[in-house]
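[1] Please work out how this folds:
(one chain, ligands or ions: 1)
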Amino acid sequence: MRIPIGSQLNVKDSNLHLEGVPLRSLALEHGTPLFVYSKAAMLSALSAYQKGLSGRHARIHYAMKANSNLAILQTFIQAGCGVDIVSGGELARALHAGCAPGHIIFSGVGKTRTEMREALRVGIGCFNVESMAELHALNAVAGEMGLRAPISLRVNPDVDAKTHPYISTGLKDNKFGIAHGDAIGAYELAHQMPHLDVIGIDCHIGSQITQPAPYLDAMDKMLDLVAAIEAKGISIPHIDFGGGLGIDYNGDTPPAADQLWVELLAKIDARGWGNRHISVEPGRSLIGNAGVCLTEVQYLKPGAHKNFCIIDAAMNDLPRPSLYQAYHEILPLQPRSGLQQTWDVVGPVCESGDWIGKDRQLCVEPGDHLAVASAGAYCMSMASNYNTRNRAKELLVDGQQVHVIREREHTASQWQDERLI
Ligand code: LLP
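    This is a model prediction of the structure:
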């Protein structure tokens, strides 16, 4: 049984605990599937960034797409974070959770004019613009409102983040950002637009990045570009370096955020630009290993070719294995001492793709509880109601204290906006 680094999971008296709380008692009291997050794990992940960027003009913008629960947002906001959003819905959530509008960054390739208007109305800190067409649209919307929109251009530095193709974003053929070769022209255009204020530059090269090299290459390319843009008389006071730092799912060894930033800041300092404002947009590395999904074993179905362990969590709760063939550690809450067998751990959804873990060594019986680890990021926020399954309940553990941060969904609330004809 391997406990992922940074999770605050620990075994006491043969029981898996999160911080000081035995997880089996939570599963019995609140039912399953159940997401449980550790506040200490969240704050400890955040502190690595805070340490790495201390003494700088810097802000950590939590990429809330990773997990947008209000209490998760509130925890990061109260710890000093701004928020990175990608939709009007995320804007509303961030404001509701208490984020100052000026600490919000709006990313994304397809912002609608309605979303732009709302973000301008509340006064967000920066739009990360991803195309020439979007520059024109934002300039027009801001003009209609008699405002100027603060912008960075998201530049695609064309580096390979060496991650899963679905979550690599910094390559030439990705839909994201403005091509490196077009960046100077785009800045010249933006600079002339009457309703835009160019305040910075942005990049984001992918997600679950586990090596420093792609980041270091991207930083070199971005800084060269800043020099070239400034040579045209357009100043770039703010550098947003995106998110993407990986976590330990399966023995992965990403660099620690503070270590990585020592190296990245050295590059900025080498140009004499240590006073620039720096932003980062981490999601997964702040919340991914702070969460587990608790589930109950329903049935065991041994077979001639495969043994299936059927649990009550599914691809609608934990979409990452079916979408990206992702690995999540699966840990028994009360490990048994018997013989381990090889199981495919699967959900009840009517799809062969509904698996959570393949070929796992487990000693389990129906009624046992398991924890799917590293489930804080991109699980609940990507959960669906497929098969009319209710979305799970969520708890936040803080030492011995347990807070309910989302009730279990009810079936009737799933259809409340539908109408019979
Ligand atoms: N900034 C931008 C512009 C982004 O597109 C993303 C993530 C982030 C920041 C945060 O990246 P992070 O630090 O979390 O890696 N659903 C996928 C991950 C998709 C990431 C999308 N963009 C998964 O489950 O692996």
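[2] Who are the contact partners of whichever residue of the stretch 251-400 of the chain sits closest to the ligand?
    Closest to the ligand within the stretch 251-400 of the chain is Gly283: 2.7 Å, counting by C-beta to the nearest ligand atom. Every C-beta, even on glycine, is put in place using the N, C-alpha and C of the backbone. Going by C-beta atoms under 8 Å, 6 or more residues apart in numbering, Gly283 touches Tyr62, Ala63, Met64, Lys65, Ala66, Asn67, Asp84, Ser207, Gly243, Ala377, Tyr378.
[3] list the contacts for the third one?
    This points to Met64. Contact analysis of Met64 by C-beta under 8 Å, 6+ apart lists Leu73, Val83, Asp84, Ile85, Glu90, Arg93, Ala94, Gly283.
[4] What about the third one, how many residues nearby?
    Pointing back at Asp84 there. For Asp84, the number of neighbouring residues by other C-beta atoms under 10 Å comes to 31.
[5] do Ala63 as well
    Ala63, neighbours per other C-beta under 10 Å, totals 29.
[6] Now it: closest residue in space that isn't a chain neighbour?
    Closest residue in space to Ala63, ignoring its immediate chain neighbours: Gly283 at 3.3 Å, by C-beta to C-beta, 6 or more residues apart in numbering.
[7] same question, Gly357
    Val345 (4.2 Å).
[8] Surely that neighbour and Asp312 touch.
    No. If you go by C-beta atoms under 8 Å, Val345 and Asp312 don't touch, sitting 11.4 Å apart.
[9] Flag the shaky bits of this structure, pLDDT-wise.
    The chain contains residues with pLDDT under 70 at 163-172.
[10] how does it divide up, domain by domain?
    Structurally, the chain divides into domains by automatic domain parsing as follows: 9-38+288-414, 107-282.
[11] Among these, which comes closest to Ser54?
    domain 107-282 (8.9 Å; C-beta to C-beta).
[12] End to end on the closest one, go ahead and measure it.
    End-to-end distance for domain 107-282: 13 Å, by C-alpha to C-alpha, to the nearest Å.
[13] and it, how far from the chain's centre?
    Taking C-alpha atoms, centre = their mean, to the nearest Å, one finds domain 107-282 lying 17 Å from the centre of the chain it belongs to.
[14] The stretch 301-421 of the chain against the ligand: which residues are in contact?
    For the stretch 301-421 of the chain, the contact set with the ligand under C-beta under 6 Å from any ligand atom comprises Arg320, Tyr324, Tyr378.
[15] typo on my end, the chain
    Contact residues, the chain versus the ligand (C-beta under 6 Å from any ligand atom): 63, 66, 84, 107, 167, 204, 207-208, 242-245, 281-285, 320, 324, 378.
[16] Filter those residues down to the ones in strands?
    Ala63, Asp84 (DSSP state E).
[17] If any of the residues of the chain next to the ligand are buried, give me the ChimeraX selection for them.
    Per 16 or more other C-beta atoms under 10 Å, the buried members of the residues of the chain next to the ligand correspond to this ChimeraX selection:
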select :63,66,84,107,167,204,207,208,242,243,244,245,281,282,283,284,285,320,324,378
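[18] what helices or strands is the helix ranked longest in the chain leaning on?
    Assignment by DSSP state H gives helix 213-231 as the longest helix of the chain. Packed against helix 213-231 by the contact rule (3 or more C-beta pairs under 8 Å, 6 or more residues apart in numbering; DSSP states H and E) you find helix 183-192, strand 196-202, helix 257-270.
[19] Pipe those into TSV and attach mean neighbour count per row.
    As requested, these are arranged in TSV below (neighbours: other C-beta atoms under 10 Å):
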stretch	mean neighbour count
helix 183-192	17
strand 196-202	21
helix 257-270	17
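[20] Looking at the ones you listed, which is nearest to Leu46?
    helix 257-270 (8.9 Å).
[21] quick one: contacts of the closest one?
    For helix 257-270, contacts defined as C-beta under 8 Å, 6+ apart pick out 45, 48-49, 51-53, 56, 212, 215-216, 219-220, 223, 239, 241, 245, 274, 276, 278, 282, 285.
[22] go with 7 Å
    48-49, 51-53, 212, 215-216, 219-220, 223, 245, 274, 276, 285 (C-beta atoms under 7 Å, 6 or more residues apart in numbering).
[23] sorry, back to before: with Asn275 as the reference, measure out to the residue nearest to Gly357.
    According to C-beta to C-beta, to the nearest Å, Val345 and Asn275 sit 51 Å apart.
[24] Then Ala183?
    Distance, Ala183 to Asn275, using C-beta to C-beta: 23 Å.
[25] and what of Gly143?
    As judged by C-beta to C-beta, Gly143 and Asn275 stand 32 Å apart.
[26] between these two, which one's more packed in?
    Neighbour totals were compared for Gly143 and Asn275, and Gly143 leads with 15 against 11 (other C-beta under 10 Å).
[27] Just to be sure, the more buried one is in a helix?
    Yes. Counting by DSSP: H, G, I helix; E, B strand; the rest coil, Gly143 is part of a helix.
[28] what's near enough to touch it?
    Contacts of Gly143 (C-beta under 7 Å, 6+ apart): Pro194, His195.
[29] wait, which of the domains of the chain is closest to Arg2?
    Between these, domain 9-38+288-414 lies closest to Arg2; by C-beta to C-beta that is 6.0 Å.
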